[in-house]
Structures are given as C-alpha cells and as structure tokens.
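S.K.: 3D, please:
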Amino acid sequence: MSISIYRLTVPMFQRGLASLKTYLDKAEAYAKEKNIDPAILVSAWLAPDMLPLAGQYQRASDSAKFTLARLTATDAPKFEDNETTIEQLRERLAKTEAYLATFSAQALEGAESRQITLPGKSGIVLQGDEYITTFALPNFYFHVATAHAILRNQGAPIGKRDYLG
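M.R.: Prediction:
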C-alpha cells in the first residue's frame, strides 16, 4: 500500500503547526502567571549557536511552505522573519496554515518523482519522496521539537502530549 505525497506533507505540517500554536498559548499563560515578559520567552534559546524560539518558529514555517513549493515547482510566500512577539508568531503560523490549505492531493500528484535540489550549497538532488522523508520532515520536526525544548527549558508547562497533538 502506498501513501500519497499529500498525506505525507500537508497533514503532517498542519499537525506540527497546531502543536506550535499550543506552545504559544501555554507560553503566554505561563508568562502571565509568573509575571515574565513574553519577549523573554520569544528570544530564549538553548545554546548560543542555536536560533531562539522565534527562529525555530520561522524555520518550521519555512520548512513547511518551501517543501510544498519545491514539490509543486511553485513559489512560496515570503515572510520577513522579524517576529518578536507571541502574537506575531501566531500570525506567522496562521499565514503558513492558510498557504498549506491551498494544496490539494491533486496538486502533489507525481511529486514523488520530481527532482529536488536541497537548499544551500550542497548541490544534492533527491527524488521527491526521498526529499520528504530524509530532509523535509526531519528538518520540520527538528524545529518543532527545539521550540518545545526551549519553552520547557524556560519552565513553561508543556509536555509530550502537546508535542504529539
């Protein structure tokens, strides 16, 4: 039995974005309860050489939208990467969700065999299905999990169930 490229991408990204929205709700409530400036959480990071929480949200959003754009040979919307508040991160997630909602299963038919060049300077080319399973989904979930870890590290009450949706 095969699984469609649509089912491997759009619902998976939607689920991860839903987890990220839950994190924002819980982070906002935590900041209010503990009288913490929410900007501290948005700018928090795990290590100096890693992106802060806002960067994790930006990269998760980019991973979802650029994956679908590459698989359909279309252009993804461009976002500024300038979010500094919880509300701005919510807005970015909403824009990403709206973009994902424009894709149908038919739009992704044949994408499993499309040749995708990995971003960056590597020049590595993967077939669409391999691109999804070895790069796009792991990259997306890395940023979702890192956002989770940053907020946990800051004391926010999020757990595995929030990650799993």
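
S.K.: alpha carbons only for contacts and neighbour counts from here, please
M.R.: Fine.

S.K.: count of neighbours near Q106?
M.R.: 11 (other C-alpha atoms under 10 Å).

S.K.: Tell me the pLDDT of it.
M.R.: Here the pLDDT value assigned to Q106 is 96.

S.K.: and the next element down the chain from the helix or strand where E87 lies?
M.R.: Using DSSP states H and E, E87 falls within helix 86-100. The first helix or strand that comes after helix 86-100 along the chain, using DSSP H and E, is strand 115-117.

S.K.: For the helix holding E87, list every residue counted as buried.
M.R.: I86, L89, R90, R92, L93, A94, K95, T96, E97, L100 (16 or more other C-alpha atoms under 10 Å).

S.K.: Which strands or helices does it pack on?
M.R.: When contacts are defined as 3 or more C-alpha pairs under 8 Å, 6 or more residues apart in numbering; DSSP states H and E, helix 86-100 sits against helix 5-34, helix 38-42, helix 53-72.

S.K.: Let me have those helices in TSV, extended by mean pLDDT and distance to R161.
M.R.: Compiled in TSV, those are given as follows (pLDDT from 0 to 100; distance: least, C-alpha to C-alpha, whole Å):
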stretch	mean pLDDT	distance to R161
helix 5-34	97	9
helix 38-42	97	21
helix 53-72	98	19
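
S.K.: Relative to R152, which of those helices is closest?
M.R.: Nearest of the helices and strands packed on helix 86-100 to R152, taken as C-alpha to C-alpha: helix 5-34 at 9.4 Å.

S.K.: The closest one: how far from the chain's middle?
M.R.: Helix 5-34 sits 9 Å away from the centroid of its parent chain (C-alpha atoms, centre = their mean, to the nearest Å).

S.K.: Ok, stretch 71-82 next?
M.R.: Per C-alpha atoms, centre = their mean, the centroid offset for stretch 71-82 relative to its chain is 13 Å.

S.K.: List the buried residues for that stretch?
M.R.: Buried residues in stretch 71-82, counting neighbours by 16+ other C-alpha under 10 Å, are found at L71, T72, A76.
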